[in-house]
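Peer 1: structure for this input, please:
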Amino acid sequence: MRVAVTFFTYGGVEPETTDSLMAEFQMAMEYKIQVLYTRVHGDALISRSRSKAMSSFLKQTDTDVFFMLDHDLVWDHGALLAICQEADKRKCIIGGMYSCRGKNAGFAGRLAKDGITIRIGADEMLDAEYVPGGFTAIPRLVVEEVFKHGTEIAKTAPESNAALSECIYMDGQPFWDFFRPIVIPSTIAPGKFEYLSEDWAIGWRARQANPNRPQLLWSKPYLTHF
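Peer 2: Okay, here's the model as predicted:
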């Protein structure tokens, strides 16, 4: 397994996050797991940062798993590599479960069904409607499916939420808008709409590309969100 770890650092890095990352890289060396590390900084628009990073992963590397890490998360030793291995094995998006920023706001992401008991630390894969993007592994196969589906739809229906467009930014480097936020009919409030943030939007596009491929939240990693 070859992993592309992308570290999104805009807004300042928690010291404990750096400690966790260095320990994980040391573990990767011990187990001879190839890691390609990229740090993304200097752009406050996270949807653009994630889109540029995923575009580079797809077009400029041959690594197996695209892993996204936000600047304010800490995890138990080995969890980063383990979630990448699970995503590579299961060929689907897998995210870790961490708290929202708001107090008593629950976990980031959304489970596919209500009434599920969440036991952090238990080795359980939970079906998700939406997976958060802060500690998330996406195998290459999923990225390729989203790209193929999105670029094909763009030829006939460029206004579609699933369509992908090639974009440029101030640095002049082209990228695809994988993480462009979208508005869709709500699945929990009939007659209403939901604004999907960038991480939920890529999950929605992945489901449009392949409705039969699961998306999972893994309760095993212990994640702290500063």
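
Peer 1: next, the buried residues of whichever helix or strand residue 22 is part of.
Peer 2: Using DSSP states H and E, residue 22 sits within helix 15-30. Going by neighbour count (16 or more other CB atoms under 10 Å), the buried part of helix 15-30 is 17, 20-21, 24-25, 27-28. Using the backbone N, CA and C atoms, a C-beta is placed for each residue, glycine as well.

Peer 1: for residue 200, give me phi and psi.
Peer 2: For residue 200, the backbone dihedrals are phi -70, psi -30 (criterion: degrees, to the nearest 10).

Peer 1: give me the neighbour count for the closest residue to it other than its chain neighbours.
Peer 2: Spatial nearest neighbour of residue 200, chain neighbours left out: residue 130 (4.2 Å); criterion: CB to CB, 6 or more residues apart in numbering. Residues lying near residue 130 (other CB atoms under 10 Å) number 25.

Peer 1: contact partners for residue 130?
Peer 2: Going by CB atoms under 8 Å, 6 or more residues apart in numbering, residue 130 touches 109-110, 196, 199-200, 203-204, 215.

Peer 1: before we move on, what SS does residue 11 have?
Peer 2: coil (DSSP: H, G, I helix; E, B strand; the rest coil).

Peer 1: excluding chain neighbours, what is closest to residue 76?
Peer 2: residue 222 (4.4 Å).

Peer 1: ok, back up a step: narrow the contacts of residue 130 to those in helices?
Peer 2: Of the contacts of residue 130, the ones assigned to helices by DSSP state H are 199-200, 203-204.

Peer 1: quick one: buried ones out of these?
Peer 2: Here, 16+ other CB under 10 Å leaves 199-200, 203-204 buried among the ones in helices among the contacts of residue 130.

Peer 1: burial of the residue lying closest to residue 150 once chain neighbours are set aside, as a residue count?
Peer 2: Nearest residue to residue 150, sequence neighbours excluded (CB to CB, 6+ apart): residue 164, at 3.2 Å. By other CB under 10 Å, the residues close to residue 164 number 23.

Peer 1: so residue 164 makes contact with residue 151?
Peer 2: Yes. Here residue 164 reaches residue 151: they are 5.4 Å apart, a contact under CB atoms under 8 Å.

Peer 1: which neighbours do the two have in common?
Peer 2: Contact criterion CB under 8 Å, 6+ apart; residues shared by residue 164 and residue 151: residue 176.

Peer 1: pull up the gap between residue 13 and residue 73, please.
Peer 2: Distance of residue 13 to residue 73, given as CB to CB, to the nearest Å: 10 Å.

Peer 1: compare these two (neighbour count), which wins?
Peer 2: More neighbours surround residue 73 than the other of residue 13 and residue 73, with 21 against 17 (other CB under 10 Å).

Peer 1: residues contacting that one?
Peer 2: The contact partners of residue 73, by CB under 8 Å, 6+ apart, come to 14, 17, 20, 98, 134-135, 223-226.

Peer 1: quick one: residue 126 is in a strand?
Peer 2: Yes. Under three-state DSSP, residue 126 falls within a strand.

Peer 1: that one pairs with what?
Peer 2: As for beta bridges, residue 126 partners with residue 217 under DSSP bridges.
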